[in-house]
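In: below is the structure, and that's it, no one-letter string:
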């Protein structure tokens, strides 16, 4: 999960900030970031939105950090 940690740090966010942005408890977020716990689809979606990236980037399916164009309701 170093990709997740690196992106969070690039954005200047702390794990507490991620908790506020995603609603994922900081201790759970820390476990996700350190590979001790997997995130759910919905948690991945929330993290991607908070970090302005794609779920594909978080999953390692692409190296493009930029988010895809979003629907207006997101």
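Out: Cool, got the structure. Note that the structure is predicted; figures quoted are calculated from it, not measured. Numbers count the residues shown, from 1 in each chain.

In: what helix or strand does residue 20 sit in?
Out: Taking DSSP states H and E as the criterion, the element that holds residue 20 is helix 15-22.

In: name the nearest residue to residue 45, ignoring sequence neighbours.
Out: Spatial nearest neighbour of residue 45, chain neighbours left out: residue 55 (6.3 Å); criterion: CB to CB, 6 or more residues apart in numbering. Backbone N, C-alpha and C define where each C-beta goes, glycine included.

In: check what pLDDT the one you found gets.
Out: pLDDT for residue 55: 94.

In: can you give me every residue that contacts the most centrally placed residue in the chain?
Out: The chain has residue 47 as the residue nearest its centroid, 3.0 Å off, counting by CA atoms, centre = their mean. Shown in contact with residue 47 (CB atoms under 8 Å, 6 or more residues apart in numbering): 4, 18, 22, 24, 32, 39, 58.

In: burial count for the fifth one?
Out: Pointing back at residue 32 there. Using other CB atoms under 10 Å, the number of residues around residue 32 comes to 22.

In: ok, now how distant is the residue nearest to the centre of the chain from residue 25?
Out: 13 Å (CB to CB, to the nearest Å).

In: on that earlier part again, got the contact list for the helix holding residue 20?
Out: For helix 15-22, the surrounding residues in contact (CB under 8 Å, 6+ apart) are 8, 13, 24-26, 29-30, 33, 43, 46-47, 49-50.
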